[in-house]
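Asks: one predicted model, sequence on top.
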Amino acid sequence: MAGTFQSIRGIHDGLPAEVARWRHIEQIARTTFARYAVHEVRLPVLEPTELFVRSIGAATDIVSKEMYAFVDQGNDHICLRPEGTAGAVRAYLQAGLTRAGMQRWYYCGPMFRRERPQKGRLRQFQQIGVEWFAAPGPVSDVEILAMAHAFLQALELSDLRLELNSLGCTRCRPAYRAQLVEFLRQRAEALCRTCHERTEKNPMRVLDCKEPGCQQQLQDAPEIIDHLCSDCATHFQQVRTGLDALDIAYHLNPRIVRGLDYYNRTAFEFVTDRLGAQGTVLAGGRYDGLVRELGGPDTPAIGFAAGLERLAMLVRESSLPTPDVAVVALGQETLAWSMRQAEYLRGQGLAVVHCGGGGAKRQFKIADREGARYALIIGADEMRQQLVTLRDMRSGEQRAMRIEELPASLTT
RNA sequence: GUGGAUGUAGCUCAAUGGUAGAGCCCCGGUUUGUGGUACCGGUGGUUGUGGGUUCGAGUCCCAUCAUCCACCCCA
């Protein structure tokens, strides 16, 4: 269509068929999360830019080149949120909830990252996110994983696998990191160009490089799992024991690296092979240091985010609800009365469309296309007798009745 | 940000450099009170956009925009 407006690149419309799928997923999230006593929050889409610089990390791709950040008319530096966790922590602190005990939150809403679009990657996308604050022990890790698992199960998503890792903490990670960098530098010759950059910027990323040549070099690379401090090792072991107790299968993947700086200890991803290169459908982990980093007290926390559009690509076709009744008004003089009957039925809780009057054939075609279960035929004859004719659009059976009888006669 | 593929009717797609077509959808008719089948007819296009080459461009060239796929990154 030349000359018409187009949505911004990578920002798509949610049309009815797609939204039906989203609603289905959201509804399952709500019912699943409710069983874990998790409560919904609705947080701003606009946040101070600095919030993400401080939380996600200035060096990350998200902050350094993907944020929709701008200066507004009042000279404030604000941005469209690229993810949900930082805003949730900000709200948690702003509301003074640090002494209110464990907070279990979920949210659903749009996030924004200015990336190159591709399958499963949009510039505006929706996340269903969960954040638990003041959630210290491995029990929280296990339970939030169990909840994510239950959510995906309820969606009847098959061939998803859970990959699990521990990223260590500020005590054990630096030493490991130094050891890894040392290892990588020794092999720098054999590594690809991007891995050279990663060695300096984010060495753990080198581990999941897709170059076969790099992977070959990395076979005996040191893995964080083997270098956890005793607290982290114990924590991780307890998480694994808990998952086993709940019969939740997982693969240890020592090479999972969470992209955002604030993660520590437990990191996890639910992954599918059905989505091409963007196979992570739900991912998260522990971020014990973030609340403090943003000015609050030491507060252990854990969370995850699921990509709504990615989930929607995996969920089987969901159909739009169709009307119960389509009103066919025959003859100009019946129009007003027919609209009153339609309103009456809507008042009785039925979904009703009016076919707009005019030719009978045209209106029945509309009733058919709308997928209405019944047609309600109102002609001059019916109106004179204060009756309506109900036609079953599948069987073709018709029956005249008073409008008040109609709702009860549909119950089958 | 890098690379590759693709843009023709609402949709899916045709058209050796020589008058832009089909199927589906839509609208109408055969049936002025009966849909989903059938038959008949009809609407609908600056060929994504802007340049260039040519007597002539949907077709060749350049640029640009968008979509898709991959890298990168991530949900």
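Replies: The structure has been received and is ready for your questions.
Asks: A:Trp22 and A:Leu311, how far apart?
Replies: 9 Å (Cβ to Cβ, to the nearest Å). C-beta here means a position set from N, CA and C on the backbone, and glycine is covered the same way.
Asks: ok, these two, which is more surrounded?
Replies: Using other Cβ atoms under 10 Å as the criterion, A:Trp22 and A:Leu311 rank with A:Leu311 on top: 27 against 19.
Asks: how near is A:Gln341 to RNA strand B?
Replies: Distance, A:Gln341 to RNA strand B, using Cβ to the nearest atom of the strand, to the nearest Å: 14 Å.
Asks: I meant to write A:Pro297 there.
Replies: 25 Å.
Asks: how would you label that residue: helix, strand or coil?
Replies: coil (DSSP: H, G, I helix; E, B strand; the rest coil).
Asks: burial count for the closest residue to it other than its chain neighbours?
Replies: Of all residues not flanking A:Pro297 in the chain, A:Thr98 sits nearest, at 5.4 Å (Cβ to Cβ, 6 or more residues apart in numbering). Using other Cβ under 10 Å, A:Thr98 has 16 neighbouring residues.
Asks: which of the three states applies to A:Thr98?
Replies: Under three-state DSSP, the three-state class of A:Thr98 is coil.
Asks: got the contact list for it?
Replies: Each residue near A:Thr98 by Cβ atoms under 8 Å, 6 or more residues apart in numbering is listed here: A:Tyr92, A:Ala134, A:Val291, A:Gly296, A:Pro297, A:Thr299.
Asks: columns distance to A:Ile256 and neighbour count on top of those residues, output as a markdown table?
Replies: Formatted as a markdown table, the contacts of A:Thr98 follow (distance: Cβ to Cβ, whole Å; neighbours: other Cβ atoms under 10 Å):
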| residue | distance to A:Ile256 | neighbour count |
| --- | --- | --- |
| A:Tyr92 | 26 | 23 |
| A:Ala134 | 25 | 19 |
| A:Val291 | 23 | 23 |
| A:Gly296 | 27 | 18 |
| A:Pro297 | 29 | 10 |
| A:Thr299 | 24 | 22 |
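Asks: stretch A:325-339 close to RNA strand B?
Replies: Yes: on the criterion Cβ under 7 Å from any atom of the strand, stretch A:325-339 is in touch with RNA strand B at A:Leu330, A:Gly331.
Asks: buried set for that stretch?
Replies: By neighbour count on 16 or more other Cβ atoms under 10 Å, the buried set for stretch A:325-339 is A:Val325, A:Ala326, A:Val327, A:Val328, A:Ala329, A:Leu330, A:Thr334, A:Leu335, A:Ser338.
Asks: check stretch A:245-265 too.
Replies: Buried residues in stretch A:245-265 (16+ other Cβ under 10 Å): A:248, A:250, A:253-258, A:260-265.
Asks: nearest to A:Leu390, of the contacts of A:Thr98?
Replies: A:Tyr92 (55.8 Å; Cβ to Cβ).
Asks: can you tell me the SS state at that closest one?
Replies: helix.
Asks: residues touching the residue nearest to it when sequence neighbours are not counted, list them.
Replies: In this structure, A:Tyr92 finds its nearest non-sequential neighbour in A:Phe133, 5.4 Å apart by Cβ to Cβ, 6+ apart. A:Phe133 sits next to A:Val89, A:Tyr92, A:Leu97, A:Met102, A:Gln103, A:Arg104, A:Trp105, A:Val291, A:Thr299, A:Ala301 when contact means Cβ under 8 Å, 6+ apart.
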